[in-house]
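> Sharing a model prediction with you, sequence too.
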Amino acid sequence: MAEPSNPHNAEGENPNPSSPAATEEDEEGGSAPGGGLPVLKWSKSQFDVLMTSIQMPREFGFIFPQEGDTGADAPAGYVTLWANFFYNSNFRLPLTVFVAEVLEHYYIHISQLSPFGMIRIRHF
């Protein structure tokens, strides 16, 4: 039998949902797109201004999200990068060797990093 402080039952499964979002999704009869994250609210023109201002080559294949998408709805083979990475953190692609090695050393995927985290790495 599992210990009382352990949230898992004897089979190692969690008998109760661990978050209110999981309960709400079950009540609605399906999972909400984006896992309950807020829908992205920016326009195609803002996306185009970003791509122009940071001189992003078209061959990198950046795409504008579809209407109703969240940060978790990136298509297979893509990751979500926040505009603040580029504007506030001075993030540029391709990554420098240093930034890539820091992410690799700490087993962090670029999509797990906040703009403030990127600032800390860039000013290391």
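On my side now, so go ahead.
> And the helices in the protein?
Along the chain, the segments classed as helices by DSSP state H run 20-28, 44-53, 83-87, 97-105, 115-122.
> any chance of the ones you listed in TSV, plus mean pLDDT, mean neighbour count and distance to Phe60?
(Each C-beta comes from the backbone N, C-alpha and C, glycine too.) What follows is the helices of the chain, written out as TSV (pLDDT from 0 to 100; neighbours: other CB atoms under 10 Å; distance: least, CB to CB, whole Å):
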stretch	mean pLDDT	mean neighbour count	distance to Phe60
helix 20-28	42	12	33
helix 44-53	91	12	9
helix 83-87	84	16	12
helix 97-105	93	13	16
helix 115-122	85	15	18
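> Starting from Leu40, give me the distance back to the spatially most central residue of the chain.
Centroid-nearest residue in the chain, with CA atoms, centre = their mean: Ser111, separated by 4.5 Å. Using CB to CB, to the nearest Å, Ser111 is found at 14 Å from Leu40.
> rewinding a little: surely the residue nearest to the centre of the chain meets Trp82?
No. Ser111 is beyond contact range of Trp82, at 9.5 Å (criterion: CB atoms under 8 Å).
> circling back to that earlier point, out of the helices of the chain, which is closest to Pro75?
Taking CB to CB, helix 44-53 is the member of the helices of the chain nearest to Pro75, at 15.4 Å.
> Which strands or helices does the closest one pack on?
Counting contacts by 3 or more CB pairs under 8 Å, 6 or more residues apart in numbering; DSSP states H and E, helix 44-53 packs against helix 83-87.
> The helix it packs on: how far from the chain's middle?
Distance of helix 83-87 from the chain centroid (CA atoms, centre = their mean, to the nearest Å) equals 13 Å.
> likewise stretch 108-120?
10 Å.
> can you give me the end-to-end distance of that stretch?
By CA to CA, to the nearest Å, the extent of stretch 108-120 from end to end equals 14 Å.
> what comes into contact with it?
The contact list for stretch 108-120 (CB atoms under 8 Å, 6 or more residues apart in numbering) reads 74, 79-82, 84-85, 88-91, 95, 102-103, 121.
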